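S.K.: Need coordinates for the following:
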Amino acid sequence: MALRIDHATTSGTFSLDGQTHEVDNNAWVLGDDRECFVIDAPHDVAEIRRLVGDRAVRAVVCTHAHDDHVRKAPELADAVDAPILLHPDDMVLWNMTHPDRKPDRELADGQELEIAGSVLRVLHTPGHAPGAVCLHSPELGVVFTGDTLFAGGPGATGRSYSDFDVVVRSIRDRLLALPDATEVHPGHGGSSTIGEVRGQFDDWVARGY
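M.R.: Below is the predicted model:
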C-alpha cells in the first residue's frame with residue numbers, strides 16, 4: 001500500500017523559563033492504510049486519532065521534548081498502545097512535563113525506523129533542544145524537522161538548553177546535505193524545501209536570526 005502523510009494543525013500553549021505562549025502546532029502522521037508513525041503529540045489527542053483512523057500506531061516519535069510537542073504523548077501512547085520514542089539528550093526537557101513517565105525507547109542518530117515497508121531515518125540535529133531530531137523519508141523526499149528548521153529560519157534559541165551556533169551547524173551539516181527538492185515539514189507553520197532553505201541560509205546566519 002502507498003506510503004502517505006496526513007496532517008492537521010492543533011492549538012495550545014508552550015511554556016518554558018517561566019513564560020507561556022499560545023501556539024499552533026503541526027501534527028504529522030506517516031504510514032499507509034494499515035500502520036503509521038505519529039510524529040509529535042501536540043495539544044489534541046482526538047485530532048491526532050482522527051488522522052490515525054483505524055490504523056495501528058507503531059510509535060509516537062518525538063522530534064524533541066518541549067511541552068507543546070510532548071504534552072499529550074503519554075495519553076496518546078496509552079490510547080493507541082504504542083511506544084514513545086525520544087532522543088536521550090532531551091530527557092532534561094521531558095522531565096519538566098512528565099517527571100513520572102519515561103519514554104519507552106531511545107532515538108539515535110542514524111537509526112532507521114521501519115514503517116509500511118519504508119524507512120524513516122533519524123538525524124540528530126541539536127540546537128533548538130539538545131536532543132532534537134529530524135526524520136527523513138527518502139522514499140517520499142520529505143524531512144520532518146520539528147522546531148530545528150522552519151520555512152522562515154532556524155528554530156528559536158533564546159531559551160534554556162538551546163544554542164544558535166549549534167542549530168546553525170545542525171542545519172548546515174545535516175539538513176543542507178539533503179537534496180534540494182526535499183520537502184521540509186516543520187513543527188509549526190508552513191512547509192518549504194531544502195533548496196529554498198539553502199538560498200536563505202547565509203542571510204539567516206549573517207543576521208543571527
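S.K.: remind me which residues of this structure are low pLDDT?
M.R.: Within the chain, the ranges that satisfy pLDDT under 70 run 1, 209.
S.K.: show me where it has helices.
M.R.: Assigned by DSSP state H, the chain shows helices spanning 45-52, 67-70, 73-80, 91-97, 164-170, 194-207.
S.K.: Tell me which residues of the fifth one come out buried.
M.R.: Across helix 164-170, burial judged by 16 or more other C-beta atoms under 10 Å covers 164, 166-168, 170. For glycine as for every other residue, the C-beta is placed from the backbone atoms N, C-alpha and C.
S.K.: Looking at those residues, spot the one nearest Asp202.
M.R.: Relative to Asp202, the closest of those is Val168; by C-beta to C-beta it sits at 10.5 Å.
S.K.: Roughly how far does the closest one sit from Asp17?
M.R.: Separation of Val168 from Asp17 (C-beta to C-beta, to the nearest Å): 21 Å.
S.K.: What of Leu140?
M.R.: In this view, Leu140 and Asp17 are 36 Å apart by C-beta to C-beta.
S.K.: Among those two, which residue is more densely surrounded?
M.R.: Taking neighbours as other C-beta atoms under 10 Å, Leu140 and Asp17 compare with Leu140 leading, 17 against 9.
S.K.: Would you list the phi and psi of the more buried one?
M.R.: phi -90, psi -10 (degrees, to the nearest 10).
S.K.: contacting residues around it?
M.R.: Leu140 makes contact with 3, 5, 30, 118, 183 under the criterion C-beta atoms under 8 Å, 6 or more residues apart in numbering.
S.K.: let's see 7 Å
M.R.: For Leu140, the contacting residues are 3, 5, by C-beta atoms under 7 Å, 6 or more residues apart in numbering.
S.K.: all strands of the protein, in order?
M.R.: Using DSSP state E, the strands of the chain run over 4-16, 19-31, 35-39, 56-61, 84-86, 105-106, 112-115, 118-124, 133-137, 142-146, 149-150, 153-154, 183-186, 192-193.
S.K.: got the buried residues for stretch 65-84?
M.R.: For stretch 65-84, a neighbour-count test (16+ other C-beta under 10 Å) marks 65-74, 76-77, 80, 82, 84 as buried.
S.K.: now Pro154: how far from Tyr161?
M.R.: 15 Å.
S.K.: now Ala79
M.R.: Distance, Ala79 to Tyr161, by C-beta to C-beta: 29 Å.
S.K.: cool, Thr125 as well?
M.R.: In terms of C-beta to C-beta, Thr125 sits 14 Å off from Tyr161.
S.K.: ditto for Leu16
M.R.: Remark: distance between Leu16 and Tyr161 (C-beta to C-beta) = 9 Å.
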